[in-house]
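1. Pasting the sequence and the predicted model now:
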Amino acid sequence: FNCARPPLTSAAPRPKLYACLVDAENTQHSKLKSIVTELNGYGDVVVRRIYGDFTIPNLHPWKAISNELSFRPRTQFAIISGKGSSDMAMAMDAVEILRTDRLAIDGFALVSSDSDFTPLASKLREEGKHVIGFGRKNTPMPFVNACHTFVHLENLDTDIADKMKPATTADQANNNNQAK
């Protein structure tokens, strides 16, 4: 009869859980894979939603990439032509996720270059959530500063693009000199 206890093992800490909310009307569809790759470095992206009036032809390219990356489209029809149609829907969903929080979301990624999301980012921070913003370099500073971290879309893929560029004659000569 063995009374020895098995050694106590500590459970692996659970990964941080993120909600990624994308303003398709103010973001390039070609950056979505890079955004998800970047977010995976922070934790697990368990809520994936994309917002826009997908009846507009310039938003049609979002269909393939959102399907590939399992983003749920949230269509909000434009009420007034030329105005962002989905900002309010995205903000309301963020607050709903924050309040219901059955997933225990640790942070939010807000993908937009629109300063209208500044109050949302501030509120999420006040509620103790980690906020990562993604947007162009011309994103207004109030939104950038409301996020814990802000990633400029122009900086995504830079390393990958550099690695995939064919080596020039000067690069090859430099590599040959370093090898000697």
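-> Cool, got the structure.

2. Which stretches in this structure count as strands?
-> Remark: strands assigned in the chain by DSSP state E are 17-23, 44-52, 72-75, 107-111, 130-135, 149-152.

3. Who are the packing partners of the first one?
-> Applying 3 or more Cβ pairs under 8 Å, 6 or more residues apart in numbering; DSSP states H and E, one finds that strand 17-23 makes contact with helix 32-40, strand 44-52, helix 87-100, strand 107-111. Where C-beta positions appear, they are placed from N, C-alpha and C, glycine not excepted.

4. which residues of the chain score low on pLDDT?
-> Scanning the chain for pLDDT under 70 picks out 1-12, 81-84, 101, 158-180.

5. what about F77, neighbour count?
-> 11 (other Cβ atoms under 10 Å).

6. which residues touch it?
-> D53, T55, S85 (Cβ atoms under 8 Å, 6 or more residues apart in numbering).

7. Swap in 6 Å and give it another go.
-> Residues near F77 by Cβ atoms under 6 Å, 6 or more residues apart in numbering: D53.

8. Against P15, how distant is it?
-> Distance, F77 to P15, using Cβ to Cβ, to the nearest Å: 36 Å.

9. Dump the C-alpha coordinates for stretch 92-105 into CSV.
-> Only the C-alpha atoms of stretch 92-105 are listed here, as CSV (Å, rounded to 0.1, in the frame of the first residue of the first chain):
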residue,chain,number,x,y,z
MET,A,92,-21.5,48.3,-29.4
ASP,A,93,-20.2,44.8,-29.9
ALA,A,94,-17.0,45.6,-28.0
VAL,A,95,-19.1,46.8,-25.0
GLU,A,96,-21.3,43.8,-25.3
ILE,A,97,-18.2,41.5,-25.2
LEU,A,98,-16.9,43.5,-22.3
ARG,A,99,-20.1,43.2,-20.3
THR,A,100,-21.0,39.6,-21.0
ASP,A,101,-17.4,38.4,-20.9
ARG,A,102,-18.3,34.7,-20.7
LEU,A,103,-15.0,34.1,-22.5
ALA,A,104,-13.0,36.1,-19.9
ILE,A,105,-11.5,38.2,-22.7
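
10. What are the buried residues along it?
-> Across stretch 92-105, burial judged by 16 or more other Cβ atoms under 10 Å covers D93, A94, I97, L98, I105.

11. from the middle of its chain, how far away would that stretch be?
-> Per Cα atoms, centre = their mean, to the nearest Å, the displacement of stretch 92-105 from the mean C-alpha position of its chain is 16 Å.
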